[in-house]
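Undergrad: 3D, please:
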Amino acid sequence: MSAAFAVTAITASFGLTPATADDPKYPSWDDVQNAKLDEAAKQAEIDSITGLVAGLQTAVDEASVEAMRKAETWRQATDALAAAAQTVTDLEDRTVEASSKAQTSRMRAGLLAAHLSRAAGGDLSMSLVARGEDAGDLLYQLGAMSQLSEQSQKVYADALADKQLAESLAQQADVAVEEHRKLSDEADRARATADSAAESARSALAVQEAKSSELIAQLVLLKDSTVEVETAFLAGEQQKRAEAAAAAAAARAQADAEAAAEEEDSRPAPVTAPSVTAPLRPAAPVQQPPVQQPAPVRP
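TA: Numbering: from 1, shown residues only. Model (predicted):
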């Protein structure tokens, strides 16, 4: 019964309706009185009520954890939104600065073009001004003119580079604005989810507070005990469950670590190519000195 309650309490707290789990059935006082007449029925009712109390606590704990998790998600979303807003501001400021610099560079290029046109008999400055946003092509053409000096070429190159930088920053700012809009929507959804999770946690706590006192009183009647004794007993049971869960988690972590170590040990060692050693040459034969034959003795 406690397992079914835990599933139902959690799913209900998040607005879900389980397909197979039933709502927990709390015993009435008549149920308790009747169960007390039979030892087996009494013990079954005690176990049932103890499970219900544990389920209430589990619902509160899990709803609280979920609320904290959703709150952290919302915090991260708001941090990302703030960073995106700062990016938009920085890019817009840089775009304004780059546009101003590009305008100044274009004016310098126009003045130089006017000077050159007077010398060449043309009117390049009017063409530069008239081209407006398409002035980049003209600037490029001017920069390629062979009659320009090294200084004039740098002026036109700077004007073109400043114009391209301003356009690039403007495009980046547009992308950043769109990203900020998306993050703003995500932050709104995260906030709504966090609010819902917090409300679910409050609801689980309200259910616990409303039901726990009556369940403990029923335990007192069944066991001929006191509220203090049963409260302490239930707290002890909760502590045992927490310790068992922690021990199980530690055992799983230890088993995972040992399995990983065994897998590492079972891997074949990398094959090392044998070192090539030059074959030993046979030793040169030892030259023996020639044997001197004794001279024949004359008679």
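Undergrad: Could you measure from residue 258 over to residue 71?
TA: Using Cβ to Cβ, to the nearest Å, one gets 36 Å for the distance from residue 258 to residue 71. For the C-beta atoms, the positions are set from N, CA and C on the backbone; glycine is no exception.
Undergrad: got any ranges where the stretch 1-150 of the chain has weak pLDDT?
TA: Along the stretch 1-150 of the chain, the parts satisfying pLDDT under 70 run over 1-23, 116-150.
Undergrad: re earlier: more neighbours, residue 258 and residue 71?
TA: Legend: neighbour count by other Cβ atoms under 10 Å for residue 258 and residue 71, higher for residue 71 (17 against 10).
Undergrad: From residue 190, how far off is the more buried one?
TA: Counting by Cβ to Cβ, the gap from residue 71 to residue 190 is 9 Å.
Undergrad: Repeat that for residue 30.
TA: 48 Å.
Undergrad: domain assignment for the chain?
TA: 2-225, 227-261 (automatic domain parsing).
Undergrad: Save the ones you listed as JSON lines, and put in distance to residue 267 too.
TA: Below are those laid out as JSON lines (distance: least, Cβ to Cβ, whole Å):
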{"stretch": "domain 2-225", "distance to residue 267": "37"}
{"stretch": "domain 227-261", "distance to residue 267": "11"}
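Undergrad: just these: most buried one?
TA: domain 2-225 (a mean of 16; mean count of other Cβ atoms under 10 Å).
Undergrad: How far off centre is that one?
TA: Offset of domain 2-225 from its chain centre (Cα atoms, centre = their mean, to the nearest Å): 12 Å.
Undergrad: so where do the helices sit in the stretch 101-250 of the chain?
TA: 124-131, 135-144, 150-223, 227-266 (DSSP state H, counting those that start in this stretch).
Undergrad: Give me the helices and strands touching the longest one, please.
TA: Secondary structure elements in contact with helix 150-223, counted by 3 or more Cβ pairs under 8 Å, 6 or more residues apart in numbering; DSSP states H and E, are helix 2-13, helix 29-35, helix 39-120, helix 135-144, helix 227-266.
Undergrad: nearest to residue 195, of these?
TA: With respect to residue 195, and counting by Cβ to Cβ, the nearest of the helices and strands packed on helix 150-223 is helix 39-120 at 8.5 Å.
Undergrad: elements contacting that closest one?
TA: In terms of contacts (3+ Cβ pairs under 8 Å, 6+ apart), helix 39-120 is packed against helix 2-13, helix 29-35, helix 124-131, helix 135-144, helix 150-223, helix 227-266.
Undergrad: Select from those helices the stretch with the lowest mean pLDDT.
TA: Lowest mean pLDDT within the helices and strands packed on helix 39-120: helix 2-13, at a mean of 37.
Undergrad: for residue 24, helix, strand, or coil?
TA: coil (DSSP: H, G, I helix; E, B strand; the rest coil).
Undergrad: okay but it is in contact with residue 54, surely?
TA: No. Applying Cβ atoms under 8 Å as the test, residue 24 and residue 54 come out as separate, 11.3 Å apart.
Undergrad: Give me the nearest residue to residue 186, chain neighbours excluded.
TA: Closest residue to residue 186 apart from its sequence neighbours, by Cβ to Cβ, 6 or more residues apart in numbering: residue 77 at 5.4 Å.
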